[in-house]
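In: I'll drop the sequence and a predicted model, then ask my questions.
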Amino acid sequence: MKLTKRGHYSVKALLDLSLQTSGCLASVNTISQRQNLPAPYLEKLLIELRRANLVVSVRGAQGGYRLARPAAEISLGDILAAVGETTAPLPRYQPDLEQAEDWVTCSIWQRLHEKMQAAVFSISLEDLYYDARSWQASQGENASFVV
């Protein structure tokens, strides 16, 4: 599985929001600057994440975004699904069921896909946050929290 730009930027944005004090809002421009992401693209992703109930948005001069629920309750799978990512290895492949090799290959990929799905939905945003913080600590004081 390879994370596309959509998936990667979405994870970065939600990790950034996980840094916020509970209930505090972060603007698109603030997240964009901190994570070095293009603001217009980020805004589109945040709208998709809002529709999936992963973030809450507040309009106005003091508005912005925050996580809709604790980071421990948001999985990597939730994030990827919200922006149309898939872990399916061969999404459009139709095996020739009369060919034993095709059937076996398809069966293997299906089982791997099921395991991957379980793994992706078992990794929480909180897990990713602590992984990033651990990496940051290993880099020393000067490392920034750009994911």
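Out: Alright, I've got the coordinates. Treat the numbers as computed from the prediction; the structure is a model and nothing was measured. Residues are numbered from 1 along each chain as shown.
In: quick one: list the elements packing against the top helix by length along the chain.
Out: For the chain, the helix that runs over the most residues, judged by DSSP state H, is helix 100-122. Contacts defined by 3 or more Cβ pairs under 8 Å, 6 or more residues apart in numbering; DSSP states H and E place helix 100-122 against helix 76-82. Quick note: C-beta positions are derived from backbone N, CA and C, even for glycine.
In: number of residues surrounding residue 104?
Out: 11 (other Cβ atoms under 10 Å).
In: tell me the contacts of it?
Out: Under the criterion of Cβ atoms under 8 Å, 6 or more residues apart in numbering, residue 104 has no neighbours.
In: distance of it relative to residue 115?
Out: Distance, residue 104 to residue 115, by Cβ to Cβ, to the nearest Å: 17 Å.
In: one more: residue 128?
Out: Shown here: residue 128 relative to residue 115, a distance of 19 Å by Cβ to Cβ.
In: looking at those two, which one has more neighbours?
Out: Set side by side, residue 128 and residue 115 show more neighbours around residue 128, with 21 against 10, by other Cβ under 10 Å.
In: isn't that one right up against residue 75?
Out: No - judged on Cβ atoms under 8 Å, residue 128 makes no contact with residue 75 at a distance of 9.8 Å.
In: overlap in contacts, the two.
Out: Overlap of the contact sets of residue 128 and residue 75 (by Cβ under 8 Å, 6+ apart) is empty.
In: neighbours around the closest residue to residue 41 other than its chain neighbours, how many?
Out: Nearest non-adjacent residue to residue 41, counting by Cβ to Cβ, 6 or more residues apart in numbering: residue 9, 6.8 Å away. Close neighbours of residue 9, defined as other Cβ under 10 Å, add up to 23.
In: list the residues that contact residue 52.
Out: By Cβ under 8 Å, 6+ apart, the contact set of residue 52 is 78, 81, 82.
In: packing partners of the host helix or strand of residue 137?
Out: Residue 137 belongs to helix 125-139 when assigned by DSSP states H and E. If contacts are counted by 3+ Cβ pairs under 8 Å, 6+ apart, helix 125-139 sits against helix 5-18, helix 76-82.
In: report the angle between the next helix or strand along the chain from the longest one and helix 5-18.
Out: I take that to be helix 5-18. Sequence order places helix 28-35 as the next helix or strand after helix 5-18, per DSSP H and E. Using axes from the mean of the first three to the mean of the last three Cα atoms, to 10 degrees, the direction of helix 28-35 lies 100 degrees away from that of helix 5-18.
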